[in-house]
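Colleague: Give the three-dimensional model of this entry:
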Amino acid sequence: MKKFIKIIVSIIITLYVAWSAFNYYWFSDLIPAKIGITYAIHIGGESGLLEGCGAAIFRLSDVTADAISRKGLDFFNDAIYSRKSKARRYTYSSWKETPVPNSWTSEVSWPGLACSGASHSLLSKILLAASKKGSYYSSKDEAEILVIPSLKLVVFSYFG
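Modeller: Coordinates of the predicted model:
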């Protein structure tokens, strides 16, 4: 019986690790290639039959954070294509400096971020950074991205 339990636990752990790796690579492919990320801080969301929402929050690389602090908004001039593809579906609009539009925060948080399951303290830091100058944002079909150099965070949120 103990051997059977060990096998079941090993299978569950293996599936969890495989799912986590899949999530990391899936969501990191949606970040523009120019934006260096190092690891995922949080990936979570809600999913229905055809619709879903959530967020993937990554640590911004030191090299990218330094480049953004030197160049500001100009850093993002050619950061419109995801790592995944240059197809329209994976192409971001022009980048802007925060604060984000009121429509993003009219219900406290924007849709993808609100259902991400991230901790209250992390969400509070993201929302504060989104409400003042010094961070940068863009959007694409059913998704938004926020880069917060001061916290070294990249927040990708999706809905729909």
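Colleague: Am I right that residue 117 is in a helix?
Modeller: No: when DSSP: H, G, I helix; E, B strand; the rest coil is applied, residue 117 is found to be coil, with no helix at that position.
Colleague: what's the lengthiest helix in the chain packed up against?
Modeller: Counting residues, the longest helix found in the chain (DSSP state H) is helix 2-28. Where contact means 3 or more C-beta pairs under 8 Å, 6 or more residues apart in numbering; DSSP states H and E, helix 2-28 is packed against strand 37-47, strand 52-60. Quick note: C-beta positions are derived from backbone N, CA and C, even for glycine.
Colleague: buried stuff in that helix?
Modeller: Buried residues in helix 2-28, counting neighbours by 16 or more other C-beta atoms under 10 Å, are found at 23-24, 27-28.
Colleague: ok so, going back, could you export the helices and strands packed on helix 2-28 as JSON lines, including distance to residue 93, mean pLDDT and mean neighbour count?
Modeller: As requested, the helices and strands packed on helix 2-28 are exported to JSON lines (distance: least, C-beta to C-beta, whole Å; pLDDT from 0 to 100; neighbours: other C-beta atoms under 10 Å):
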{"stretch": "strand 37-47", "distance to residue 93": "20", "mean pLDDT": "89", "mean neighbour count": "16"}
{"stretch": "strand 52-60", "distance to residue 93": "18", "mean pLDDT": "92", "mean neighbour count": "23"}
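Colleague: possible to save these as a markdown table with distance to residue 117?
Modeller: Below are the helices and strands packed on helix 2-28 laid out as a markdown table (distance: least, C-beta to C-beta, whole Å):
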| stretch | distance to residue 117 |
| --- | --- |
| strand 37-47 | 4 |
| strand 52-60 | 7 |
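Colleague: Which one of the ones you listed lies nearest to residue 116?
Modeller: Nearest to residue 116 among the helices and strands packed on helix 2-28 is strand 52-60 (3.6 Å), distances taken as C-beta to C-beta.
Colleague: Give me the contact list for the closest one.
Modeller: By C-beta atoms under 8 Å, 6 or more residues apart in numbering, the surrounding residues in contact with strand 52-60 are 23, 27-28, 30-31, 35-47, 111-118, 122, 126, 147-149, 152-160.
Colleague: now could you export just the CA positions of stretch 144-160 as CSV?
Modeller: Output of stretch 144-160 as CSV, limited to C-alpha atoms (Å, rounded to 0.1, in the frame of the first residue of the first chain):
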residue,chain,number,x,y,z
GLU,A,144,-3.1,44.1,-21.2
ILE,A,145,0.5,44.3,-20.2
LEU,A,146,2.1,46.6,-17.5
VAL,A,147,5.8,46.9,-17.0
ILE,A,148,6.8,48.3,-13.6
PRO,A,149,10.6,49.0,-13.6
SER,A,150,10.7,50.2,-9.9
LEU,A,151,9.3,46.8,-8.7
LYS,A,152,10.9,44.8,-11.5
LEU,A,153,7.6,43.3,-12.5
VAL,A,154,5.9,42.5,-15.8
VAL,A,155,2.1,42.0,-15.5
PHE,A,156,0.3,40.3,-18.3
SER,A,157,-3.4,40.0,-17.9
TYR,A,158,-6.0,38.4,-20.1
PHE,A,159,-9.8,38.2,-20.3
GLY,A,160,-12.2,36.8,-22.8
